[in-house]
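In: pasting the sequence and the predicted coordinates here, then a few questions.
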Amino acid sequence: MAGTLRVRFAPSPTGYLHTGGARTALFNYLWAKGQGGVFILRVEDTDEERSTEESMRAILDGLQWLGIMWDEGPDPKQFGESIGPFPPYYQSMRRPLHQEYMKKLWDAGHVFYCPATAEEMTGPDGKKLTFSPYRDITREEQEKRLAAGEVMPVRFRCPRDVEVSWEDAVRGKVTFSSNEVGDFVLFKGNGQPLYNFVVVCDDIDMQITNVLRGEDHISNTPKQILLHEALGHTPPEFGHVPLIVGMDRQRLSKRHGATAVDAYEEQGVLPEAMVNFLALIGWAPGDDREKMTLEEMKQAFDPHRCTKAAGAFNPDKLKFFNELYIRELSPDALLERLRRFIPPVWLEHRGEDYAKHVFTLFQEKIAYLNEMEANAWYFFRDPVEADNNEKSVAKFLTENESAKQVLSEIAAGMEALGDGEWTEEKLAPIVDGFVESSGLGRGKVMQPWRVALTGDAISPGFYDLVVTLGKETVLRRVQPWIDRL
RNA sequence: GGCCCUAUCGUCUAGUGGCCUAGGACGCCGCCCUCUCAAGGCGGAAACACGGGUUCGAGUCCCGUUAGGGCUGCCA
């Protein structure tokens, strides 16, 4: 393979970064980086009405969050600025180049101003004509109409009866008849260039060697190949990855839950989990590995190993990967990832080390970072009546014969513990002693305590709970129950 | 409708003519562990869409059927 691999991700900023786009970007990134190539980001904002700066921001942020950083493209720090040898990387700012290529096509006779009305482009069967009735209009006629101020789109004069085919990197040979392509529009009547034209200009100018994109672009490919050839250029190699669908095999939509990656970020999905999960829809390394770092994926990625059938977005599997990645975070890393998901006062309550320790207690219990707050709150404030789970309180405290004794006898034992003795080693004999003397099971003993301390019957291990909370807090929370029962 | 693409457990996938009695993962079910909830360990159910070929031999190649999807814009 001669030369450097140059690939691009070319989103149009008309919405957020959705999962399909993120995966396409990821595949391009993995491929380029694994081959020592260049990953380019180009903003396809040719449609001025639909493109927004806000959307572009969201896409840039999304890619950066995922760790998919581009070598050439928009400057993430300065909107409108570009980084790389072929600026600008905003399509709307590349009009001079597009005009230049337009002139080449015009001079070579590959395009024509088409005066056809909508009616004239419609056949007797009511369907759109593929070839314009004006495709053989003379140059003089076009210039005359232009001079008269007539508004006309520019069309590509598509050759008839030509077979257009390419060796698709993921699908193998794909063939179209040029008769299916037709005289497509390059410039709108108002002079605005259209996607299929600018993409070719820019790919040539940016020296793109390989195009890996969604399957929805397959039918654009013959148009682009024809254009490359008309411009005297060898087309890049193309590859089309299948779409991501919902579990019901329908196109991904709001019904399937979040489609935008920022929604997953807000839910507390780790970017490394998201990337790992996304990479496995439509691609597999070939061995049984599933959990992989970005680095491992770069080494293994090859578009020829991509699947040809659409893959379903399985939320359960994303959840699984997120649990996996959360579990392997160090206490410090866990705290950092959690910062935006917890009340800031938690870190001041007893300091960051305390909070850090508390979080590790829940590390194997949560699937998403945003679940921490609802789980760990009682380590940062005493439960009040409204926090209590009525059923748990009834079962283990108010309607439990032995509750008062369980709480008071053990509390008495705890009370006797001196400074530095608030450890599992010192506490366990007290609990064990009571379990033995009372003949009650450990569950019968620990559950009332758990409810008294947290308001519910679910918490980390008994000793983790008691030791972490500390003597003062534990006794403060239990005393009201001893008095009340 | 036309054109193009696709088809292995519920889902993501391995599989490129004999290594397949079809492997892994998620999910699901059962058991173990156990102070709750989880986690963890062990085990289990679960697929080559259908019909024709080609071949000594087909999940793997060819054709058809069926079923999905994409495109069919002076959107990208």
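Out: The structure has been received and is ready for your questions.
In: how about the nearest residue to the spatially most central residue of chain A, chain neighbours excluded?
Out: Centroid-nearest residue in chain A: A:Val261, 3.4 Å away (criterion: Cα atoms, centre = their mean). Distance criterion Cβ to Cβ, 6 or more residues apart in numbering; nearest residue to A:Val261, sequence neighbours excluded, is A:Gly62 at 4.7 Å. Yep, even glycine has a C-beta here, placed from its N, CA and C like the rest.
In: quick one, grab the pLDDT at that neighbour.
Out: Looking at A:Gly62, its pLDDT is 97.
In: give me the distance between it and A:Asp75.
Out: Separation of A:Gly62 from A:Asp75 (Cβ to Cβ, to the nearest Å) stands at 17 Å.
In: which residues touch A:His233?
Out: Contacts for A:His233 (Cβ atoms under 8 Å, 6 or more residues apart in numbering) come out as A:Ile204.
In: wait, A:Ile363 sits on A:Arg327?
Out: You called it Ile, but residue A:363 is Gln. Yes: under the criterion of Cβ atoms under 8 Å, A:Gln363 makes contact with A:Arg327 at 6.1 Å.
In: more neighbours, the two?
Out: With neighbours defined as other Cβ atoms under 10 Å, A:Gln363 and A:Arg327 compare such that A:Gln363 has more, 16 against 11.
In: would you map the helices across the stretch 151-300 of chain A?
Out: When secondary structure is read from DSSP state H, counting those that start in this stretch, the stretch 151-300 of chain A shows helices at A:178-181, A:195-205, A:221-230, A:261-267, A:271-279, A:294-300.
In: in CSV, list the ones you listed along with distance to A:Glu399 and mean pLDDT.
Out: Formatted as CSV, these follow (distance: least, Cβ to Cβ, whole Å; pLDDT from 0 to 100):
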stretch, distance to A:Glu399, mean pLDDT
helix A:178-181, 76, 95
helix A:195-205, 69, 97
helix A:221-230, 71, 98
helix A:261-267, 38, 96
helix A:271-279, 43, 98
helix A:294-300, 54, 96
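In: quick one: closest of those helices to RNA strand B.
Out: Comparing these against RNA strand B with Cβ to the nearest atom of the strand, the closest turns out to be helix A:195-205 (2.9 Å).
In: which residues touch the closest one?
Out: With contact meaning Cβ under 8 Å, 6+ apart, helix A:195-205 is reached by A:8, A:10, A:42, A:44, A:46-47, A:86, A:91, A:94, A:97-98, A:101-102, A:156, A:184, A:186-187, A:208, A:211, A:220, A:223-224, A:227-228, A:231, A:233, A:236.
In: can you check stretch A:380-392 too?
Out: Under the contact criterion Cβ under 8 Å, 6+ apart, stretch A:380-392 has outside partners A:343, A:345-346, A:349, A:355, A:358, A:378, A:451, A:453-457, A:473, A:476-477.
In: repeat that for 6 Å
Out: Identification of contacts with stretch A:380-392 by Cβ atoms under 6 Å, 6 or more residues apart in numbering yields A:346, A:349, A:451, A:455-457, A:477.
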